[in-house]
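Trainee: sharing a sequence plus its predicted fold:
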Amino acid sequence: MSMIEKLAAEIGTFNLSPGLRGIPAGNAPVSSANIPDAHWRPAGGEMSLPLLTLDLQAYEINKKTMLGICSDFDCQIAPHAKTPMSPVLARDLVSAGAWGVSVADLRQAEVMLHHGLRRVLIANEIGGKSAVTRLARLLRNYCDAEIFMFVDSTDVVSALAGSWLGDDTLPPLNLLVEVGCGRGGVNSDTEARHLVWSIASLNSEHIRLAGIAAYEGTANRPNEKEFLANLDDLFDRVSFALKAARETVGPESPLVLSMGGSSLFDYVIDRCRPIVDGDSNVTLLLRSGACFFSDHGPIRARLQAISSRGVLGKAASDSIAGAFMPVLRIWAEVLSTNGAHDAICGFGLRDVAHDQGLPVPVAVWRNGEQLTTLGDVSVVSKLNDQHAFVHAPELELSVGDVIEFGIKHPCTTIDKHDVIFGLDERGEVKVALRTFFG
C-alpha cells in the first residue's frame, strides 16, 4: 500500500454519495475506504463520466524528482497546496520530506491544520484587523502550530501585535517580509528596512521576524532582456532585505528566504545561492506546487524550459527532462458524432480548465480497452458548458467511446472537482481523494 493510500485511510475517509462525478449511477453511498475493492476503471464504462483522475505512478516520479532537486541544491520546499487542496496529498509530500505546506489564505490554512499539518506558510498577507481577528480565533485551536506568513504593511504588524502580544493562548507567529514584484510586497529598500525594523522593535517571542519572501513569477516577460532585468532588480532587493533582517536579528537566529514557484525555481536556486552563501542559519524555501502535477500545456512547457536552460547543470537538466509528466486526466464519453472524425463529448467548461488553453485528447478507449493513442492533430476545438467538440482526423469515433484528455493548468481544473480518483498502472481506481476548495 502506498503512503497516499495509507494517509487516505487515516485522515481522508469519506462517503461518496450518488451524484458525485465518478460514482456509478444508482449506486448506494460508498466509503472511500472500500474504493479499491470495487476495481473501478474510468475506461470501463461503470463509472459516471466525466471525472478527474491522477496517475499515481507518474505523481511518485514527479515527487521524487522535485524533492531530489531540493536535496541536491540544499534547499527545502513547502509545496503550494492551492493546486490540489487535498490534505492527503499535502501530508504525503510532507511525509516524503517537504518542510511543510504553503497556502493562499486563512480558509486553506484551516483545512490543512484540521487535517494534521502543523507547519503552514500563508503565502500572502491576510488582510487587516478583521482578518487578524479571524486568524487568532483559528489558531487558538492549534496552539502547537508553526505558522509562517507574509507581511508587507506596518498596519498589519500593528494589528497582529494588538492581538498576539501578551496572549499565551496563541502560537507564535513567524513573519516573512514580502518583497514585491508586481503583486503584493514592499517595493523599495527603504520600505523593506522600515518593515523589518517595525517587526523587530516589538521585541516579542510571540511575533518574530522570521525572514524574507518574494514571488518571482511576475517578473516574467516575453522579452528576455526585460525579463532578466526584472529578475536582477528583484534579487537585488531580496538580497538587501535579507541583509537587513540578518543585521536586525543577529547572526544566530534562524531565517527563511522563501521564493520559487514551478516555472522559475532554477533561477531562484541559482541566484539565491550567493545571497545566502556563508550564512548557515538561512533556509532557502521553495513553494513550487504545480510541478508535482504538470499538465499538457504551459506548466509542462515551463518545466521543460528549465531543463533546456541548464541553469542547474546537466544532471539536474537530465532529471527534469525525464520527469514532470502530466498526471491529471479528464475522462468523458462520446455522446454524438458529426461525421466520422468529429464528436461531441460529455464534459465542458464546468469540468476542466480553459484559462490557459483547451484540453488535449490523448487516447480513445472502446469496450474498456485502449483503441489508440491520439496524435497532435486531434484537438478540442471548443467547449460549451457541458459539451466538448473533438476533431480526430486519424480515427473514426463512435458513440460510447471513452476519450482520455490531458488538461492545461492543473490549478483551475482540480478546483472543479470534489474528488480526484487515483489510478494505478492498470488504470484501476486505488484511492479517492477529497478536495477542499470551499
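Mentor: Structure received.

Trainee: mind listing what's buried in the longest helix along the chain?
Mentor: Secondary structure of the chain read by DSSP state H shows that its longest helix is helix 224-249. Going by neighbour count (16 or more other CB atoms under 10 Å), the buried part of helix 224-249 is 230-231, 234-235, 237-246, 248-249. Just so you know, the C-beta spots here come from the backbone N, C-alpha and C atoms, and that holds for glycine as well.

Trainee: same check, this time on stretch 13-31
Mentor: Neighbour-count burial for stretch 13-31 flags Leu16, Leu20, Arg21, Gly22, Ile23, Val30 (criterion: 16+ other CB under 10 Å).

Trainee: give me the residues contacting it.
Mentor: When contacts are defined by CB atoms under 8 Å, 6 or more residues apart in numbering, stretch 13-31 is touched by residues 32-33, 35, 38, 40, 42, 46-52, 351, 417-419, 421, 432, 434.

Trainee: residues contacting the residue nearest to His206 when sequence neighbours are not counted?
Mentor: Sequence neighbours aside, Trp164 is the residue nearest to His206 in space, at 4.5 Å (criterion: CB to CB, 6 or more residues apart in numbering). Counting by CB under 8 Å, 6+ apart, Trp164 makes contact with Ala136, Leu170, Leu173, Ser204, His206, Ile207.

Trainee: burial count for the last one?
Mentor: Meaning Ile207. 22 (other CB atoms under 10 Å).

Trainee: ok so, going back, average pLDDT for the helix or strand following the longest helix of the chain?
Mentor: Per DSSP states H and E, the first helix or strand lying C-terminal to helix 224-249 is strand 255-258. For strand 255-258, the mean per-residue pLDDT is 98.

Trainee: and Asn34, what does it touch?
Mentor: Contacts of Asn34 (CB under 8 Å, 6+ apart): none.

Trainee: would it count as being in a strand?
Mentor: No - residue state for Asn34 (DSSP: H, G, I helix; E, B strand; the rest coil) corresponds to helix; a strand is not indicated.

Trainee: now do it against Thr13, distance only.
Mentor: Asn34 sits 10 Å away from Thr13, going by CB to CB, to the nearest Å.

Trainee: what's the neighbour count on Gly260?
Mentor: Quick note: Gly260 (other CB under 10 Å) scores 27 neighbours.

Trainee: what sits against it?
Mentor: Going by CB under 8 Å, 6+ apart, the list of residues near Gly260 reads Ile77, Glu216, Val268, Ile269, Leu285, Leu286, Arg287, Ser288.

Trainee: end-to-end on stretch 329-346?
Mentor: With CA to CA, to the nearest Å as the measure, stretch 329-346 spans 14 Å from end to end.

Trainee: circling back: state the pair within the buried residues of stretch 13-31 that is farthest apart.
Mentor: Farthest-apart pair in those is Arg21 and Val30; separation 13.8 Å (CB to CB).

Trainee: hey, where'd the helices end up in the stretch 201-350 of the chain?
Mentor: For the stretch 201-350 of the chain, the helices defined by DSSP state H, counting those that start in this stretch occupy 224-249, 265-276, 298-309, 314-321.

Trainee: nearest approach to Pro393 belongs to which of these?
Mentor: Closest among these, using CB to CB: helix 298-309, at 23.8 Å.

Trainee: what's the longest strand in the chain?
Mentor: Among the segments of the chain that qualify as a strand by DSSP state E, the longest is strand 328-337.

Trainee: pLDDT of that strand, averaged?
Mentor: Throughout strand 328-337, pLDDT has a mean value of 98.

Trainee: also stretch 239-251?
Mentor: 97.

Trainee: just the CA coordinates for that stretch, please, in CSV.
Mentor: The C-alpha atoms that make up stretch 239-251 are tabulated as CSV, following Å, rounded to 0.1, in the frame of the first residue of the first chain:
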residue,chain,number,x,y,z
SER,A,239,19.3,40.5,-1.0
PHE,A,240,19.1,43.9,0.6
ALA,A,241,16.0,42.9,2.7
LEU,A,242,17.7,39.6,3.9
LYS,A,243,20.8,41.5,4.9
ALA,A,244,18.6,44.0,6.8
ALA,A,245,16.8,41.1,8.5
ARG,A,246,20.1,39.4,9.5
GLU,A,247,21.6,42.7,10.9
THR,A,248,18.4,43.1,12.9
VAL,A,249,18.1,39.7,14.5
GLY,A,250,21.8,38.8,14.8
PRO,A,251,23.9,36.0,13.4
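
Trainee: name the residues that touch it?
Mentor: Residues contacting stretch 239-251 (CB under 8 Å, 6+ apart): 177, 179, 186, 189, 192-193, 196-197, 200, 209, 211-212, 255, 257, 275-276, 279, 281-282.

Trainee: in ChimeraX, how would I select the buried members of the residues you listed?
Mentor: Command for ChimeraX that selects the buried part of the contacts of stretch 239-251, burial taken from 16+ other CB under 10 Å:
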select :177,179,186,189,192,193,196,200,209,211,212,255,257,275,276,282
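
Trainee: just the ones of the contacts of stretch 239-251 in strands?
Mentor: Mapping those onto strands (DSSP E) picks out Val177, Val179, Leu209, Gly211, Ile212, Leu255, Leu257, Val282.

Trainee: tell me the one among those nearest to Lys63.
Mentor: Using CB to CB, Leu257 is the member of the ones in strands among the contacts of stretch 239-251 that lies nearest Lys63, at 23.2 Å.

Trainee: residues contacting that closest one?
Mentor: Counted by CB under 8 Å, 6+ apart, Leu257 has contacts Gly211, Ile212, Ala213, Val238, Leu242, Cys272, Ile275, Val276, Val282, Thr283, Leu284, Leu285.

Trainee: strands of the stretch 301-438 of the chain, start to end?
Mentor: 328-337, 342-345, 360-366, 369-373, 379-383, 388-391, 402-406, 419-423, 429-434 (DSSP state E, counting those that start in this stretch).

Trainee: including mean neighbour count and distance to Arg300, could those strands go into a markdown table?
Mentor: A markdown table is the format used below for these (neighbours: other CB atoms under 10 Å; distance: least, CB to CB, whole Å):
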| stretch | mean neighbour count | distance to Arg300 |
| --- | --- | --- |
| strand 328-337 | 22 | 11 |
| strand 342-345 | 22 | 22 |
| strand 360-366 | 20 | 10 |
| strand 369-373 | 12 | 17 |
| strand 379-383 | 16 | 17 |
| strand 388-391 | 22 | 20 |
| strand 402-406 | 25 | 9 |
| strand 419-423 | 24 | 19 |
| strand 429-434 | 23 | 22 |
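
Trainee: distance to Ala145 added to the ones you listed, as TSV?
Mentor: Putting the strands of the stretch 301-438 of the chain into TSV (distance: least, CB to CB, whole Å) gives the following:
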stretch	distance to Ala145
strand 328-337	30
strand 342-345	44
strand 360-366	40
strand 369-373	46
strand 379-383	41
strand 388-391	43
strand 402-406	37
strand 419-423	26
strand 429-434	22
